[in-house]
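Q: quick one, what's the 3D model for this:
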Amino acid sequence: MEPLDAFAVLDLRVGRVTRAEPNEGARKPAFKLWVDFGPLGVKTSSAQLTSLYTPKDLVGRLVVAAVNLGVRRVNGFASEVLVLGLPDTDGRVVLLAPERDVPLGGRVF
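A: This next block holds a predicted model:
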């Protein structure tokens, strides 16, 4: 498979966090997120973002997520999308996000 073909398999979209709360009982500290992807609707995610973010910090924030990886259950919560981030020098997750406002559901290319 060509590298660009492999990238095309991932469906990466922009969404806005509309709700965030602790995912009590998850093995690693995490938040339950509800993310609005515009025409794709609201999808849920369990994300290990507790080192740098609070639920209040997350609500209203644009995020980038993989929306076609299937559903995983995290402590009984359906995690439908994978919100993307990368580690800082201390291993804490920093969210990937567009640098300015863009339409919800927009595809990363």
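
Q: for the residue most central in space within the chain, give the beta-bridge partners.
A: Compute the mean C-alpha point of the chain, and by Cα atoms, centre = their mean the closest residue is V83, 1.8 Å away. Counting by DSSP bridges, V83 is bridged to A65.

Q: measure it to L10 for me?
A: 14 Å (Cβ to Cβ, to the nearest Å). The way it works is simple: take the backbone N, C-alpha and C, and place the C-beta from them, glycine included.

Q: now do V108
A: Relative to L10, and taking Cβ to Cβ, V108 is found at 8 Å.

Q: when those two are compared, which one has more neighbours?
A: Between V108 and L10, V108 has the larger neighbour count (other Cβ atoms under 10 Å), namely 16 against 13.

Q: now the longest helix along the chain - C-alpha only, PDB.
A: The residue-count maximum for a helix in the chain (DSSP state H) belongs to helix 3-9. Below are the C-alpha coordinates for helix 3-9, written out as PDB (Å, rounded to 0.1, in the frame of the first residue of the first chain):
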ATOM      1  CA  PRO A   3       1.800   5.900   2.000                       C
ATOM      2  CA  LEU A   4      -0.800   8.300   0.800                       C
ATOM      3  CA  ASP A   5      -3.300   5.400   0.400                       C
ATOM      4  CA  ALA A   6      -2.600   4.300   4.000                       C
ATOM      5  CA  PHE A   7      -3.300   7.800   5.200                       C
ATOM      6  CA  ALA A   8      -6.600   7.900   3.200                       C
ATOM      7  CA  VAL A   9      -7.800   4.900   5.200                       C
END
